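>>> got a sequence here, can you model it:
(3 chains)
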Amino acid sequence: MEVLSQVEIAFWPALADSKKADLEAMPKGYIDAALINGAIRTQENLEMVRLLREKSKLIVAYGACAHLGGIPSLANLYGREELLKAAFGDGWRPGPPPGAPQEDAPPELLPKALPLAQAVPVDYTVPGCPPPAGLIGEFFSAFLSGEMPPPGHVFAKVKALCEECPRTREERVLKKIVRPHEIVPDPEACLLDQGIICLGPVTRGGCSAACPSAGMPCTGCLGPTPKAGDMGLSMVSALASLVRAGEEGEAAIPSENEILDQLVDPIGTLYKYGVPDMPCAKEGEG
Amino acid sequence: MADFEPKVVAFLCRWCAYAGADLAGTSRLQYPPNVVPIRVPCSGRVEPSWVVDALQKGADGVLIGGCHPGDCHYVSGNYKARRRVYLLKKILPELGIAPERVRLEWVSATEGKRFAQVVADFVEELRALGPMKVMSEG
Amino acid sequence: MYPEGITHHPSPITRSRIGVFVCHCGHNIAGTVDVERVAEELSRYPGVVYSTHYEYMCSDPGQELVKRAIKEHRLTGVVVAACSPSMHEATFRTAAEEAGLNPFLVEIANVREHCSWVHPRSPETTAKAIRIARAVVEKVKGNHPLEPVRVGHAEKCLVIGGGIAGIQAALDVAEAGYEVLLVERSPTIGGHMAQLSETFPTLDCSQCILTPKMVEVARHERIRLLTYSEVEEVSGFVGNYHVRIRKKPTYVDPDKCNLCGECEKVCPVRVPNEFDRGLSQRAAIYIPFPQAVPSSYTLDEEACLGLEPLRCSECARVCEVGAIDYDMQEEIIEEDVGAIILATGYELYPVENMAEYGAGRVPDVIDSLTFERLLSASGPTGGEVRRPSDGKVPKEVVFIQCSGSRDPELHKPYCSKICCMYTAKHALLYRHLVPDGKAYVFYIDIRAGGKDYEEFVARAMEEERVLYLRGKVAKVFREGDKVMVWGVDTLTGKRVEIAADLVVLAQAIVPSPGVRTLAQVLHTSCLDEHGFLKEAHPKLRPLETLTGGVFIAGAAQGPKDIPEAVAQASGAAAKAVALLSSPAIVHSPEVAQVDEELCSGCGVCAPQCPYSAITVEEVAEVNEVLCEGCGTCVAACPSGAMSLRNLADEQVEAMVQAVLEEVAGG
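Residues are numbered from 1 along each chain as shown, chains lettered A, B, ... in the order given. Got it, this is the predicted structure:
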């Protein structure tokens, strides 16, 4: 698909020498569509996307970080101070380099890494980490033809990935939980059936089940299906439901717990591309 | 914290725990009014997301009441509930929530006394735990 | 005459027009809850257009109040804040229906059992009542009007197994006016009961009480008897099963056979006779026992010298009526049935497993059914007790109870329940037949719970002087023509050695082997860990399986004696008749449903369902008649494609919100 010949690049800091001032100079709504990737992590990010919102007719959240917060948002499980302390050690404070003016200080970290939609109104989303070529194509053909779906549309399927997964499922029970490197999975059979945590059942389709087809579990980069709600909690429910250690009953409880305990790093596994927005501080640890 | 009154949402299965709460009523057993029950067909209907949703919306604790093992009206819904709560409690601390805020209890339709006791104990425990801490500007 | 309700315009954000009716229940609610305040608060709640309170809402005037408000205020939902829904949910739903409101739009807020009765009079108690009522308003706002699920059903019953349980069930269903298909694997009905000599505790002759029932089955106009047949395939669901039965050829036309027995005499083949537990022999063409039903000979294809090509044909030659037809083909019978009763019975745990008792090696160590044949007047010895090895009348007989039962290490952990009683009967009958014989019984303890059972055991002990030894047998072995039994009497602590002539093992009861295949045919996990049929609920639904419309009768569910099997069979028949006689199967519509637009067919839901109500092809599909509405699959569904009617996630979230919202001054 030929895109470049049909559009004019108004602003692309990664490729062209574009400065904030150039953007400020543009009239309101000058840009037809701004594709923004990355989570909103700093005060500067926030200012930039607000500016882009003002100058653009459409804002497109592009990629898992803009869509869901992405891996940077895993840091939201910790407070800002905690993060800085973990990264730079005790007593460190963001500031300008020695002798430099205050305006050269690194941009201030926001309390949380935000998905784009929590910073500015977002019109469309092209999800994925990275967005699959097919979905990018879908967006551009809609955009260039002028036949855009209703605002809010996510350019991915509403059905979960399993629908397009070539693997076959047999007995839907989880008798063990393993990490992908621990076994050589059967090439035909469903990974979840083999004990590998695959987020296919909760994740939007649209990538032709690229990861499971290649022998790796889906990690959820296209985000949850429209009615899945909280991705991790939905999977908690599904996985716990599937666990079986023989016939269900009181006698099986210790063995069931053993299987559930095999889930290593549940947050990193179930919330790789965005943790739920918890209004609460960490508690129960002191 | 002396006048802190924990708010508790209770999801009670209609066959056992809800009926146990009914029996506590007909027996005129007294327990703290902090718990508001929501009737569900089975503890197996309760979704982990409801629990977290309630805590996010301001509940200080969530109680799930189901049938004793082997007594589930729907055979095995309570076993599923148990596994879900077990896994949920494993991730709650990482989400910043004390797992003690979530309780799964088996209460049969004949255990009015036990229901009252469970509620009283849970409310006391939550009182000691304090209100859900709201993430301060950090 | 009615108190004035507080009316409001419908909230602009919702089109719900909910009416809230707060009951005082005399002082029961109003004594601790400020009911006026509850009604007043609720009148301001979004979606509520009418709110009132009344002394006894369940009274006729109270119900009238609800009905009138439904009409006058064009209510789209009703919340009655009153006692537990287990009390009056049906009352108010019926009232609402009379006023033209779908009953599923009526819900009860339980402010009595869950509030006024368990808390003191205080603002907090009133605030809790308000929270409860608000939450239920939110639920009703999300409820949909529903109609009960109705499906038709076939008016025929399939009974699988022709033992006493199957016979009783078939007769009861047929007597109630429904067609019955009775399928039995062997060439005759009667089951193990036909093999028994006499029955405890009354010592009725087993055949004498059984054969009239067998004949009744044969004669009954509404029972179609299919012996020598097996159920091969079952598809469909409650009320609408399609079954496929394979009937093996008997090569004898039962309408022509006159039981002259000439064929049997000329048949050159002799094989062990199953009916006599191998104590006698039968020809390849045989009738299991003279009273067999259908009363006809059967040519055992396996034992016959050969049918294709025909190797002998002696039997056909002597058959005067020409009943023998070597070209008889197997038959496939397909029928639609509404209900299925499983009465597949039991077998004895094979004695070969009891190496410690010499079973399988020592010919005079036999199991209890074999002993029944030795006792039976129609048995291979004509009712004289003669031991298998040399035909001598045994003068010392040792009976070993719990052989293979209550032995979790080596054999079956469970109690086989009937052995205490039949062993007492065996010892007693033996003493009747061999008055100078000695009978010893080794037992763990005696379980004689049943009408006149204890007295029967006492009779064996006291009147017949059967020596009961409490203890286990350590070893049984052959010494000369004796069977040595070494054991311990745990009451005296002494070793016991008996040089017996015959040892009878009260073998554990195990499910009939065919039941496992049958479970597969029924596509249900209806077997317990020991292979017996599993009831839907051990206490409340003992006659049903988890598969709707499939019922259980007799020892297939677990060891049981004749009266118990018969009682259960009649119970299962009543269950089947209740289903067959209903004009339609009516089922609650509050069941799981799949959003096909969202379902990816991941299949997480299906194994969660205890009723096998979900099938997954491209997408999941819920059989509304089988679904009991527990919602376990809904909670398991990762994508949110599955929901529970009138208890969707959105409703619960709104209820939670309503519970947690502040109550002014509360």
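
>>> going forward, measure contacts and count neighbours with C-alpha atoms only.
Noted.

>>> my read: B:Gly58 touches C:Val659, true?
No - in this structure, B:Gly58 is not within contact of C:Val659 by C-alpha atoms under 8 Å, at 9.8 Å.

>>> these two: who's more crowded?
The neighbour comparison of B:Gly58 against C:Val659 (other C-alpha atoms under 10 Å in any protein chain shown) goes to C:Val659, with 31 against 23.

>>> surely the more buried one forms part of a helix?
Yes - counting by DSSP: H, G, I helix; E, B strand; the rest coil, C:Val659 is part of a helix.

>>> any idea of the pLDDT on it?
With respect to pLDDT, C:Val659 has a value of 97.

>>> next one: A:Leu15
Looking at A:Leu15, its pLDDT stands at 85.

>>> wasn't it part of a strand?
No - secondary structure assignment places A:Leu15 outside any strand; it is coil (three-state DSSP).

>>> against chain C, how distant is it?
A:Leu15 sits 38 Å away from chain C, taking C-alpha to the nearest C-alpha, to the nearest Å as the criterion.

>>> try A:Gly206
12 Å.

>>> work out for me the element that residue sits within.
Per DSSP states H and E: A:Gly206 is located in neither a helix nor a strand.

>>> who touches it in this structure?
Residues near A:Gly206 by C-alpha atoms under 8 Å, 6 or more residues apart in numbering or on different chains: A:132, A:134-135, A:156-157, A:161, A:222.

>>> give me the domain ranges for chain A.
A:4-145, A:161-270 (automatic domain parsing).

>>> can you give me the neighbour number for C:His432?
Applying other C-alpha under 10 Å, we find 12 residues neighbouring C:His432.

>>> please disregard the earlier target; I meant A:Ala16.
As a burial measure, A:Ala16 scores 10 neighbours (other C-alpha under 10 Å).

>>> CA atoms of stretch A:27-34 as CSV?
Taking Å, rounded to 0.1, in the frame of the first residue of the first chain, the C-alpha atoms of stretch A:27-34 are listed here in CSV:
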residue,chain,number,x,y,z
PRO,A,27,-2.8,27.0,12.9
LYS,A,28,-5.4,25.0,14.9
GLY,A,29,-6.5,21.8,13.1
TYR,A,30,-3.7,22.1,10.6
ILE,A,31,-2.7,18.5,10.9
ASP,A,32,-5.3,16.0,9.5
ALA,A,33,-4.2,13.1,11.7
ALA,A,34,-1.6,12.8,14.4
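
>>> now do it, average pLDDT.
The predicted model assigns stretch A:27-34 a mean pLDDT of 96.

>>> what's the answer for stretch C:248-258, then?
96.

>>> which parts of that stretch are buried?
Using 16 or more other C-alpha atoms under 10 Å in any protein chain shown as the test for burial, stretch C:248-258 gives C:248-254, C:257.

>>> and stretch C:17-36, by the same measure?
Going by neighbour count (16+ other C-alpha under 10 Å), the buried part of stretch C:17-36 is C:17-25, C:28-30, C:32-36.

>>> how long is it from one end to the other?
The straight-line separation of the ends of stretch C:17-36 (C-alpha to C-alpha, to the nearest Å) is 20 Å.

>>> is that stretch in proximity to chain B?
No - judged by C-alpha under 8 Å from any C-alpha of the partner chain, stretch C:17-36 and chain B are separated, with a smallest distance of 10.5 Å.

>>> and that stretch, how far from the chain's centre?
Centroid displacement of stretch C:17-36 relative to its chain, using C-alpha atoms, centre = their mean, to the nearest Å, is 45 Å.

>>> tell me the mean pLDDT for it?
97.

>>> try stretch C:188-201
The pLDDT scores in stretch C:188-201 average 96.

>>> what is the end-to-end distance of it?
So stretch C:188-201: terminal residues 26 Å apart, C-alpha to C-alpha.

>>> show residues contacting that stretch.
Taking C-alpha under 8 Å, 6+ apart as the rule, stretch C:188-201 contacts C:162-164, C:167, C:204-207, C:210-211, C:214, C:227-228, C:275-276, C:288, C:292-294, C:345, C:369, C:372-373, C:375-377, C:421-422, C:425, C:452-453, C:456.

>>> emit the PyMOL select command for whichever of the residues you listed are buried.
To isolate the buried ones among these in PyMOL, judged by 16+ other C-alpha under 10 Å, type:
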select buried, chain C and resi 162+163+164+167+205+206+207+210+211+214+227+228+275+276+288+292+293+294+345+369+372+373+375+376+377+421+422+425+453+456
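
>>> contacting chain B as well, which ones from the contacts of stretch C:188-201?
Okay, of the contacts of stretch C:188-201, nothing touches chain B (C-alpha under 8 Å from any C-alpha).

>>> contact partners for the closest residue to chain B within the stretch 301-450 of chain C?
In the stretch 301-450 of chain C, no residue comes nearer to chain B than C:Tyr414, which is 18.2 Å away by C-alpha to the nearest C-alpha. Contacts for C:Tyr414 (C-alpha under 8 Å, 6+ apart) come out as C:405-408.

>>> next, give phi and psi for it.
The phi/psi pair for C:Tyr414 (degrees, to the nearest 10) reads phi -90, psi 170.

>>> before we move on, what about A:Met231?
phi -60, psi -50.

>>> what does chain B put close to chain A?
Within chain B, the positions near chain A by C-alpha under 8 Å from any C-alpha are B:47-49, B:56, B:69-70, B:76, B:79-80, B:83-84, B:86-88, B:91, B:93-99, B:132-138.

>>> flag every residue of the stretch 51-200 of chain C that's near chain B.
C:84, C:112-115, C:117-120, C:124-125, C:128, C:131-132, C:135.

>>> any regions of the stretch 151-286 of chain A where pLDDT drops low?
By pLDDT under 70, the low-scoring segments of the stretch 151-286 of chain A are A:278-286.

>>> what residues does it have near chain C?
A:158-163, A:172-173, A:201-203, A:224-229, A:231, A:234-235, A:237-239, A:241-242.

>>> do that again at 7 Å, thanks
Residues of the stretch 151-286 of chain A lying near chain C by C-alpha under 7 Å from any C-alpha of the partner chain: A:158-160, A:162-163, A:172, A:201-202, A:225, A:227-228, A:234-235, A:237-238, A:241.

>>> check chain B too.
So far as C-alpha under 7 Å from any C-alpha goes, chain B lies against chain C at B:21-22, B:25-26, B:28-33, B:36, B:41-42, B:44-47, B:50, B:54, B:57-59, B:74-75, B:77.

>>> among the residues you listed, which lie within strands?
B:Val36 (DSSP state E).

>>> now, the residues of chain B next to chain C that are in helices?
If you go by DSSP state H, these have B:21-22, B:25-26, B:50, B:54, B:77 in helices.

>>> interface residues of chain C facing chain A?
Within chain C, the positions near chain A by C-alpha under 7 Å from any C-alpha are C:598-604, C:607-608, C:635-640.

>>> same thing but at 6 Å, please
Selection of chain C residues close to chain A by C-alpha under 6 Å from any C-alpha of the partner chain yields C:598, C:600, C:602, C:636, C:638-640.

>>> in chain B, which residue sits closest to chain C?
For chain B, C-alpha to the nearest C-alpha, closest residue to chain C: B:Gly25, 4.0 Å.

>>> for chain A, see how far away that residue is.
For B:Gly25 relative to chain A (C-alpha to the nearest C-alpha), the value is 30 Å.

>>> what about that residue, how many neighbours?
The tally of other residues near B:Gly25 (other C-alpha under 10 Å) stands at 26.

>>> which SSE is immediately downstream of the helix or strand of chain C with the lowest mean pLDDT?
Within chain C, no helix or strand scores below strand C:6-7, which has a mean of 46 by mean pLDDT, DSSP states H and E. Toward the C-terminus, strand C:6-7 is succeeded by strand C:18-23 as the next helix or strand (DSSP H and E).
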